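K.L.:
Fold the stuff below for me.
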Amino acid sequence: MDYNNLPLELGLAITTNRAAMDRFVDMTDDEKEEFIERSRSAMSRNELDEMVGSLVTDVEPDLHLEDVNNIFKGPGIG
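P.N.:
Okay, the predicted model is just below:
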């Protein structure tokens with residue numbers, strides 16, 4: 001991949017997040033191209049930062065919905 005064609009905003013966002021930069025470097029060329037194309041649709045710096053952050057954060061399930069029965073565990077009232 002030719003990094004000279006990397007959009008400037010994306011390059012800046014990736015270089016400010018070392019873990020994301022390491023993950024991006026380890027991606028295949030096809031994965032990099034797909035990520036670059038998706039980044040072009042980012043409408044704001046925050047959206048681009050979230051996209052870059054998604055490279056290193058695994059999407060975990062929403063903990064409060066993981067097991068509804070855990071809501072009722074704990075000390076009793078009264």
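
K.L.:
Extract the C-alpha trace of stretch 20-28 and format it as PDB.
P.N.:
Extracted C-alpha coordinates of stretch 20-28, given in PDB (Å, rounded to 0.1, in the frame of the first residue of the first chain):
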ATOM      1  CA  ALA A  20      -4.900   1.900  16.200                       C
ATOM      2  CA  MET A  21      -1.800   2.600  14.200                       C
ATOM      3  CA  ASP A  22      -0.300  -0.800  15.000                       C
ATOM      4  CA  ARG A  23      -3.600  -2.500  14.100                       C
ATOM      5  CA  PHE A  24      -3.800  -0.500  10.800                       C
ATOM      6  CA  VAL A  25      -0.300  -1.500   9.800                       C
ATOM      7  CA  ASP A  26      -1.100  -5.200  10.500                       C
ATOM      8  CA  MET A  27      -4.200  -5.100   8.200                       C
ATOM      9  CA  THR A  28      -4.100  -6.500   4.700                       C
END
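
K.L.:
remind me which residues of the protein are low pLDDT?
P.N.:
The model of the chain has pLDDT under 70 over residues 58-78.

K.L.:
Tell me where it has strands.
P.N.:
With strands called from DSSP state E, the chain shows none.

K.L.:
Pick out the residue nearest the middle of the protein.
P.N.:
Nearest to the geometric centre of the chain sits residue 54, at 0.5 Å (CA atoms, centre = their mean).
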